[in-house]
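Novice: below is the sequence, then the predicted model.
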Amino acid sequence: MKAARSTNITASRTKSFWHSVLGDVDQIGSERYFVTITCFVSFLFLLVLCLVHVFMNLKIEPALIAGTGSIILLGLYGIVRFTNCLFIPKILLSLVGLLLLDLTWYSKFLSNGPVLFFILIFGALVLWVWEGKSLLLLLLVYYLNLGMLFLIDLNAAPELFAYPEGRVRSVDIFLSFTLYSALLIILLYVVKRDFTRKKENAIRSDNLKSAFLANMSHEIRTPMNAIVGFSNLLKDEADPKAIAQYIEIIQRNSNNLMHLIDDILDLSKIEAGVLTLKYSNLSVKELFEELMGVYQAELDNKGKGKVHLSYEIQENDFLTCSDPFRVKQVLSNLLSNAVKFTFEGEIRLSCEKKKNELIFSISDTGCGIPEKNQDKIFDRFFTQNNRGLNNYGSGIGLSISERIVSLLGGKIWFESNIDLGSVFYVSLPHRIDESDSKETTDTSPDQQRHEKLHQPLVLLVEDEKSNQILIEKKLENYDIELACVSDGWAAIDYVEQNPHIRLILMDLKLPGLDGYATTRSIKVKYPRLPIVAQTAFAMAGDREKALAAGCDEYITKPIESEELQRIFSCYL
């Protein structure tokens, strides 16, 4: 047992050492990793070649060439490993490497030496490192180089081909073959391992995609079945109690469906590497109080009145600069799981400061996580259905939380004992942004005079009648005047006729002139007029595209009442 543990420690240290020397292929990419390995291994090879020639008293010219080449390759290794520069090292590796091989070939009795055969293999390195027009150009240089070597060989003096004695010939040829073959085997092994890794990743990705589609089909159909089914029952139901019950079921399943869609979008953004973080100062106490209200209501709705929900902050409150939405998302995921698996006892949310970190913890007295599941708890699509307590859930919430915490510069871990409960910890950097301030929108004197006399005018640009009706209903208690148009040209005309408009809610998918072009056209003449994109486009890059078109804000459908209230508070 001790021997096995010692072997594992040694293997872990060895892996850590090579990671520090060569980098992590998943972080730096296959191309940079291959060039790094090529430079480092070739440096070692040329250093050994130089020393062997010196100690065995062989020809001095190859030793000088090998020593010079090892210094050059060590420098290239340093550039590739520790900077973002890759193109110049690749050029030098290809051209200088070919030149060094040429000089070594010439100094080692021309084509009687084994270097010529390694020049043949050098073409594979060019093929692996370059692509497109650069590959064609480097291959042209390579074949011109072979032609030059042919002319040198053809016209060389006979004495350049002759070894001084048979012993020197044998040692030079077989020693060189041994070293060159070792270098070639190592590089081909790296290529093979990289190809195998990519193949395995492709198979794993395909399997994950299949699992994802199967999982999502079930998860989407489950709430949709309740929404559609109880919506149909509402048409013929006259009992007020039954109607209220059906509406509650529809709302609950609609929220579950929206939560699932948000998780899918977040996962796609994380996988694409385009999840953006918006840093601002947040109050831990205000965040905790908001979460307490939400999850106390959830406990009440689930009939878990025996569960006591509380929070504790080490110094009454902390102010920190982070992404408030993402921090809330992570803590919400952990609290949702605590509520799901706890039926009595306590759920406790706490925060304390250690050095320059804030340590959040969510503890519960639930059923705990079985030891066999603990190493898979952050895997995508893994769901723990301990004792049948988790009959819903996509299995991506904790995976998303782990990735978000990593993007925020922190880490997440847990402790759990079966039947005793679990404690999840989240550490985040504690920092303050003193420059944090909210933007304000200026209004002209004419607009200000109009606002004192009339309600603020808001224009809704929406082509779907049902969405118009829904937003009108959501806004009927607001002290505003709402106007609706259904296409981009009508929106432009309305703004021209009503320049005192305070805010535009702009759908992006419109018949004729779309919302992007409409926004650009309005912003040319009215750059200070706030335009908020309200859209069903919610994939990676859609927000950036809307903001690039000139929109001041971006919200996705279905639009929450709280989101509208925030928009109006900001711009009206």
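Specialist: Arrived safely.
Novice: can you give me the buried ones in stretch 81-97?
Specialist: 81, 86, 89-90, 92-94, 97 (16 or more other Cβ atoms under 10 Å). All C-beta spots, glycine's among them, are computed from the backbone N, C-alpha and C.
Novice: and the helices in the stretch 101-250 of the chain?
Specialist: 115-129, 132-155, 166-236, 240-272 (DSSP state H, counting those that start in this stretch).
Novice: please identify the deepest-packed of those helices.
Specialist: helix 115-129 (a mean of 17; mean count of other Cβ atoms under 10 Å).
Novice: and that helix, average pLDDT?
Specialist: Helix 115-129 carries an average pLDDT of 82.
Novice: before we move on, back to that, I'd like the helices of the stretch 101-250 of the chain as TSV, with distance to residue 367 appended.
Specialist: Below are the helices of the stretch 101-250 of the chain laid out as TSV (distance: least, Cβ to Cβ, whole Å):
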stretch	distance to residue 367
helix 115-129	52
helix 132-155	57
helix 166-236	22
helix 240-272	22
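Novice: relative to residue 23, which of the ones you listed is closest?
Specialist: helix 166-236 (12.9 Å; Cβ to Cβ).
Novice: about what we covered before: just the buried residues of stretch 81-97 now: which is nearest residue 207?
Specialist: Nearest member of the buried residues of stretch 81-97 to residue 207, counting by Cβ to Cβ, is residue 86, at 32.0 Å.
Novice: mind listing the residues bridging to residue 363?
Specialist: On the basis of DSSP bridges, residue 363 is bridged to residue 348, residue 423.
Novice: just checking, it touches residue 425?
Specialist: No. With contact defined as Cβ atoms under 8 Å, residue 363 does not reach residue 425; the gap is 9.4 Å.
Novice: tell me which of these two has more neighbours.
Specialist: residue 363 (20 against 17; other Cβ atoms under 10 Å).
Novice: quick one: the strands in this structure, in order.
Specialist: 280-283, 307-313, 319-322, 345-354, 357-364, 411-417, 421-429, 457-461, 481-485, 503-506, 531-535, 553-556 (DSSP state E).
Novice: could you dump the ones you listed to a markdown table with mean pLDDT?
Specialist: Shown next, in a markdown table, are these (pLDDT from 0 to 100):
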| stretch | mean pLDDT |
| --- | --- |
| strand 280-283 | 88 |
| strand 307-313 | 91 |
| strand 319-322 | 90 |
| strand 345-354 | 92 |
| strand 357-364 | 93 |
| strand 411-417 | 91 |
| strand 421-429 | 92 |
| strand 457-461 | 91 |
| strand 481-485 | 90 |
| strand 503-506 | 92 |
| strand 531-535 | 90 |
| strand 553-556 | 86 |
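Novice: quick one on the thing from earlier: I'd like the buried residues of stretch 81-97 as JSON lines, with pLDDT and distance to residue 308 appended.
Specialist: Conversion of the buried residues of stretch 81-97 to JSON lines gives the following (pLDDT from 0 to 100; distance: Cβ to Cβ, whole Å):
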{"residue": "81", "pLDDT": "87", "distance to residue 308": "54"}
{"residue": "86", "pLDDT": "87", "distance to residue 308": "57"}
{"residue": "89", "pLDDT": "89", "distance to residue 308": "61"}
{"residue": "90", "pLDDT": "89", "distance to residue 308": "62"}
{"residue": "92", "pLDDT": "90", "distance to residue 308": "67"}
{"residue": "93", "pLDDT": "88", "distance to residue 308": "65"}
{"residue": "94", "pLDDT": "90", "distance to residue 308": "68"}
{"residue": "97", "pLDDT": "87", "distance to residue 308": "70"}
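Novice: and which of these is nearest to residue 170?
Specialist: So of those, ranked by how close each gets to residue 170 (Cβ to Cβ), first place is residue 97, at 27.1 Å.
Novice: wait, that closest one sits on residue 43?
Specialist: No. Counting by Cβ under 8 Å, residue 97 stays clear of residue 43, with 11.5 Å between them.
Novice: quick one: low-confidence parts of the stretch 451-572 of the chain?
Specialist: By pLDDT under 70, the weakly predicted segments of the stretch 451-572 of the chain are 451-454, 540.
Novice: with the stretch 301-450 of the chain instead?
Specialist: Ranges of the stretch 301-450 of the chain meeting pLDDT under 70: 380-395, 433-450.
Novice: try 80
Specialist: 376, 379-396, 432-450 (pLDDT under 80).
Novice: which residues in it form helices?
Specialist: According to DSSP H, counting those that start in this stretch, the helices that the stretch 301-450 of the chain contains are 324-341, 397-407, 445-453.
Novice: turn those into a markdown table, including mean neighbour count and distance to residue 473.
Specialist: Shown next, in a markdown table, are those (neighbours: other Cβ atoms under 10 Å; distance: least, Cβ to Cβ, whole Å):
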| stretch | mean neighbour count | distance to residue 473 |
| --- | --- | --- |
| helix 324-341 | 20 | 26 |
| helix 397-407 | 20 | 31 |
| helix 445-453 | 11 | 24 |
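Novice: let me see the mean pLDDT of stretch 58-76.
Specialist: Mean predicted lDDT for stretch 58-76 stands at 89.
Novice: buried residues in that stretch, which are they?
Specialist: 58-59, 62-63, 65-67, 69-70, 72-74, 76.
Novice: could you dump stretch 411-425 to CSV, C-alpha only?
Specialist: Extracted in CSV, the C-alpha atoms of stretch 411-425 (Å, rounded to 0.1, in the frame of the first residue of the first chain):
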residue,chain,number,x,y,z
LYS,A,411,-12.2,27.7,-6.5
ILE,A,412,-15.1,25.4,-5.2
TRP,A,413,-14.9,22.3,-3.1
PHE,A,414,-17.1,20.4,-0.7
GLU,A,415,-17.2,18.0,2.3
SER,A,416,-20.0,15.5,2.7
ASN,A,417,-21.0,12.6,4.9
ILE,A,418,-23.9,10.3,4.1
ASP,A,419,-27.0,11.0,6.3
LEU,A,420,-25.1,14.0,8.0
GLY,A,421,-25.2,16.6,5.2
SER,A,422,-22.9,18.5,3.0
VAL,A,423,-20.9,21.7,3.1
PHE,A,424,-20.0,23.4,-0.2
TYR,A,425,-17.2,26.1,-0.1
